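Participant: Sequence first, predicted coordinates after that:
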Amino acid sequence: MRKQGKRVVKLLGCLGMLSLVISVSTAFAATPGSVIFQSGFESGSTLSQLDAQDDDITGTDTSYATKNNWVTDLEGNSQIGTFKIQYEGGAATDRYASIITDPAYSGNKVLHYWLKNATIQDTGFLKGRIQTSIYDETGNPQQSLNEMYYKVRLKLHPDMQKLESFSNAIPWLTLAEFWNDPTWTGSSYPFRITFGLNKDANAGSNKPLYFSVNSENMENNTRVEIWRADAKSFTVSYNQWITLEFYYKKGDASTGRFYVAATPSGGSRQILFDVKNWTYNTHNASPVGLANFNPMKLYTGEEYINHIRNNGGIMQLYWDNFELWNGWPQAVYQAESMTLGTTSGETLTNSSDVNCSGGVCQIFDSNGVGDYINYFANVSHDGKYDIKVGVKKMSTRGKFQMSIDGVNIGTAQDLYAASAQYTELTIANDVQLAAGDRRFKFYVTGTSGTGYQLGIDYIKIIPKD
Ligand SMILES: [Ca+2]
Ligand SMILES: [Ca+2]
Ligand SMILES: [Ca+2]
């Protein structure tokens, strides 16, 4: 891969108080993640028993147009080993996973976890487990997954709230787990990242659950914590869908990354964790990729399972809309759906057009140099991005300069064409953006034709790191 001509341009913000650094590389191919598999557990997804302690899901989920087969797309992907559901103990009267109709909406199917009794013997106590496993296996390797992103919806059954009255702290209720060089393969450098729910000890009143993450080296069967973080400012809600996004990047203290974002249904997206630290064992000189992970998991001790049951409930979760990628997905923001900022006041029209993405382009009737329109788009994570814009060119169009949060990026773009033309423009590459709402401004700088209109279809940002 060629990488050349990297230059750093330092620009002063318009207030003269901010200084932003934009680094620009040329001839560096974009490498966004590709979707590996996606399912909403809809019709065609079939859960069936493999043996007493394992189930599988097979079939094609036709609610997604592509990458929707549990066997040929998921297990058939060259970076993925095998998928199954594991229990490790008990029977269906103690625990099960099942594809059911969403109790809140009859038009939706979801994956339901039901954990009534802990049955797995550990040292001096029992534990319970229901987990999807995406694992490296002999003959079906999963060694090259150096980056991984997935999105899934989680709904905590209302019975989960009974945990708030558990008097002691809850340090362990796993919802997802990520292994590098897992201990059960007799490996030399096991490492685990655990994402789950924790709770502090009650002191006279119930305490809320909160999301937590930690990582551990396994050293001579002893767990050594490498890093941890708690998301106590995020309110964990019950009986409400929360979209979770996970990103794993294999790396050391300076190159590794583990990220989780959460978006409650109807609420705003919050980054719970963006850890830049080890994502494999700190002693491992030659780690493979993410060979084993449990993207949807319920794994915890008997006292928490029993507490819910003893209070008239059952420990339960719902999962939906699982989408797995081998890196950050690119983000496309339709002009017609973005939050509009200030404009210079000319008419903005949603123009239905089958050649426009989403069936709509926005036509801004700017009529002179200096007119402008601002859009806000939510950037998922800190990083470098290639910035592209989908446009509809016409003879009545003008030229624009794009800026992000007041800093010009790239050069002026000419939307003039003798007749209608639909094009994706590359505005700039390797632009450093911070997570959150960024302001994308189109500023009219001139025209090659007869008018100054803009025809904006979408903004696309492609993650580069
Ligand atoms: Ca579904
Ligand atoms: Ca399978
Ligand atoms: Ca559009």
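Facilitator: Nice, thanks for sending it over. Ligands and ions are numbered 1, 2, ... in the order given.
Participant: wait, what's in contact with the residue in the stretch 1-150 of the chain that ligand 3 sits nearest to?
Facilitator: Closest to ligand 3 within the stretch 1-150 of the chain is A65: 18.7 Å, counting by CB to the ion. C-beta: built from backbone N, CA, C; applies to glycine. Listed by CB atoms under 8 Å, 6 or more residues apart in numbering, A65 has no contact partners.
Participant: Near ligand 1, which residues of the protein are found?
Facilitator: Counting by CB under 5 Å from the ion, the residues of the chain lying close to ligand 1 are 40-41, 108-109, 320.
Participant: so can I have TSV of those residues showing secondary structure?
Facilitator: What follows is the residues of the chain next to ligand 1, written out as TSV (DSSP: H, G, I helix; E, B strand; the rest coil):
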residue	secondary structure
G40	coil
F41	coil
N108	coil
K109	strand
D320	strand
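Participant: is it possible to export these to CSV including pLDDT and distance to ligand 3?
Facilitator: Formatted as CSV, these follow (pLDDT from 0 to 100; distance: CB to the ion, whole Å):
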residue, pLDDT, distance to ligand 3
G40, 98, 24
F41, 98, 30
N108, 98, 27
K109, 98, 30
D320, 98, 27
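Participant: would you list those residues in JSON lines and tack on distance to I314 and neighbour count?
Facilitator: What follows is the residues of the chain next to ligand 1, written out as JSON lines (distance: CB to CB, whole Å; neighbours: other CB atoms under 10 Å):
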{"residue": "G40", "distance to I314": "24", "neighbour count": "20"}
{"residue": "F41", "distance to I314": "20", "neighbour count": "25"}
{"residue": "N108", "distance to I314": "21", "neighbour count": "17"}
{"residue": "K109", "distance to I314": "20", "neighbour count": "21"}
{"residue": "D320", "distance to I314": "19", "neighbour count": "20"}
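Participant: Let me know the closest of these to T450.
Facilitator: G40 (48.4 Å; CB to CB).
Participant: So what sits opposite Q413 in the bridge?
Facilitator: F400 (DSSP bridges).
Participant: Do I have it right that it meets M402?
Facilitator: Yes: with contact defined as CB atoms under 8 Å, Q413 and M402 form a contacting pair (7.3 Å).
Participant: Mutual contacts of these two, please.
Facilitator: With CB under 8 Å, 6+ apart, Q413 and M402 have common neighbours 389, 427.
Participant: Just list the residues touching the residue in the stretch 251-400 of the chain positioned nearest to ligand 1, thanks.
Facilitator: The minimum distance from the stretch 251-400 of the chain to ligand 1, using CB to the ion, falls at D320 (4.4 Å). Listed by CB under 8 Å, 6+ apart, the contact partners of D320 are 40-41, 102, 108-111, 152-153, 155, 241.
Participant: Could you give the number of residues near the closest residue to L348 other than its chain neighbours?
Facilitator: Of all residues not flanking L348 in the chain, F364 sits nearest, at 5.2 Å (CB to CB, 6 or more residues apart in numbering). For F364, the neighbour count with other CB atoms under 10 Å is 25.
Participant: what does the one 3 residues further on give?
Facilitator: For N367, the tally of surrounding residues (other CB under 10 Å) stands at 15.
Participant: and what of N214?
Facilitator: A count of nearby residues for N214, using other CB under 10 Å, gives 19.
Participant: Spit out the contact partners of it.
Facilitator: Per CB under 8 Å, 6+ apart, neighbours of N214: 193-194, 225-229.
Participant: Point me to the helix or strand that includes it.
Facilitator: Assigned by DSSP states H and E, N214 belongs to strand 209-219.
Participant: what about that strand, average pLDDT?
Facilitator: The average pLDDT for strand 209-219 rounds to 97.
Participant: What residues of that strand count as buried?
Facilitator: By neighbour count with 16 or more other CB atoms under 10 Å, strand 209-219 contains the buried residues 209-218.
Participant: Tell me the one of these nearest T342?
Facilitator: Nearest to T342 among the buried residues of strand 209-219 is F211, at 36.0 Å by CB to CB.
Participant: What's opposite that closest one in the beta bridge?
Facilitator: Beta bridges link F211 to L197, A231 when assigned by DSSP bridges.
Participant: re earlier: the residue nearest to L348 is in contact with G451, isn't it?
Facilitator: No: applying CB under 8 Å, one finds F364 not in contact with G451, separated by 11.1 Å.
Participant: Does the strand ranked longest in the chain reach ligand 3?
Facilitator: The longest strand of the chain (DSSP state E) is strand 421-433. No: figure legend: strand 421-433 not in contact with ligand 3 (CB under 5 Å from the ion); closest approach 10.4 Å.
Participant: and the protein, which of its residues are near ligand 3?
Facilitator: By CB under 5 Å from the ion, the residues of the chain that approach ligand 3 are 334, 356-358, 360, 457-458.
Participant: Return the subset of those residues lying in strands.
Facilitator: Among the residues of the chain next to ligand 3, the members found in strands (DSSP E) are 334, 360, 457-458.
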